[in-house]
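# Generate coordinates for the sequence data below:
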Amino acid sequence: FVFSLLDTTPEHTPDSLAPSSSHSNLSDVASAIDNSPGGYLVELLDEQIKLKNGLSAAPHFRRNLGQAQALIRVHGPYTRYIGTSVFSRSPIARDCTKEVSIEEIADSLQAAQGCVGDAQPEGPAKEDLAMFQHLWHVAVSILDAISRTGDLDLEILGWGVFGMCAGHVVHDLRHEEEAFLLLKKRLHVALRAMPSLDAPIRKKEVNLANISGASITSLTKANREIHVCANLLLQQFRREDYERIQWYYGISIASRWIQHLGLDREG
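Residues are numbered from 1 along each chain as shown. Just a heads-up that it's a prediction; the model follows:
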């Protein structure tokens, strides 16, 4: 990855930031999907994105993500012309038989994000940029809608928010940076206190039947801390219109969340 030294925590990649399972209440999430809050989410997303092609929002996101990966496989990694904000396909033909790497996707999306809003010369690269920007807009709609409904398991929501923190660009205002980093640290500590089956860095077996009263109290406090910190951070992201989050991180988290909720199932 190529990240600004000030902004991110590269060791925490989005794929490692949302446990595929947790002990919190995933059974409730599974039953909720079958009992139609997912349907409510789909309607909410469709209303926000106002699709014209008849696809529901989450499958539409998946299709756009696949198109973006295909573009990067053929024309990436995308860059900017040196000293400009002109978006450019790779000048060197890529071996299309090789799978596109995470680094190529992240670099291409970062280049696109840095060029949005600036005039671009007519051509294929400009069209590609518009496609990447649309993918980001759909991802933001998904992130915002899912985070507002409460349908996600709290721990999964927390790791997703922490993932967005890892890709969040902090500006030079010291008081803003300190407040943000404090919330991020509190969230991380609380998440690590939870007995996830495969949480990042920490992987250990937990027998919930043998948890003591003190441990239950500790988990209750951790749950409360996750709820408070995650929601405060989400409020900040919304105030900023998600503009300070690097696209790769936000798109990856959106992908994981719709996967957890089964929203990308056709029909």
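
# All the strands of the protein, residue numbers only.
Applying DSSP state E to the chain gives strands spanning 79-80, 87-88.

# now, of those, which is deepest in the fold?
Burial of these is given as mean neighbour count (mean count of other CB atoms under 10 Å); strand 87-88 ranks first at a mean of 22. (C-beta placed from N, C-alpha, C; glycine too.)

# still on that earlier bit, in CSV: the strands of the chain, plus mean pLDDT and distance to residue 133.
What follows is the strands of the chain, written out as CSV (pLDDT from 0 to 100; distance: least, CB to CB, whole Å):
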stretch, mean pLDDT, distance to residue 133
strand 79-80, 96, 15
strand 87-88, 98, 10
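
# Pipe those into TSV and attach distance to residue 243 per row.
Below are the strands of the chain laid out as TSV (distance: least, CB to CB, whole Å):
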stretch	distance to residue 243
strand 79-80	18
strand 87-88	18
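
# So for residue 189, which of those sits nearest?
Taking CB to CB, strand 79-80 is the member of those nearest to residue 189, at 37.5 Å.

# That closest one: how far from the chain's middle?
Offset of strand 79-80 from its chain centre (CA atoms, centre = their mean, to the nearest Å): 23 Å.

# partners of it in the sheet?
Applying DSSP bridges, strand 79-80 is found paired with strand 87-88 (antiparallel).

# contacts for the strand it pairs with?
The contact list for strand 87-88 (CB atoms under 8 Å, 6 or more residues apart in numbering) reads 78, 79, 80, 81, 111, 112, 115, 120, 125, 126, 128, 129.

# Produce a PyMOL select command limited to the buried residues of those.
Typed into PyMOL, the line below selects the buried ones among the contacts of strand 87-88, using 16 or more other CB atoms under 10 Å:
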select buried, resi 78+79+80+111+112+115+120+125+128+129
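
# can you tell me how far the residue nearest to residue 71 when sequence neighbours are not counted sits from residue 245?
In space, and not counting its chain neighbours, residue 71 is closest to residue 128: 5.5 Å by CB to CB, 6 or more residues apart in numbering. Distance, residue 128 to residue 245, using CB to CB, to the nearest Å: 21 Å.

# same check, this time on residue 89
25 Å.

# Compare those two and say which one has the larger neighbour count.
The residue with more neighbours, out of residue 89 and residue 245, is residue 245; 25 against 20, by other CB atoms under 10 Å.

# give me the number of residues near the residue nearest to residue 104 when sequence neighbours are not counted?
Leaving out its chain neighbours, the residue that sits closest to residue 104 by CB to CB, 6+ apart is residue 77, at 4.3 Å. Residue 77 has 21 neighbours, counted by other CB under 10 Å.
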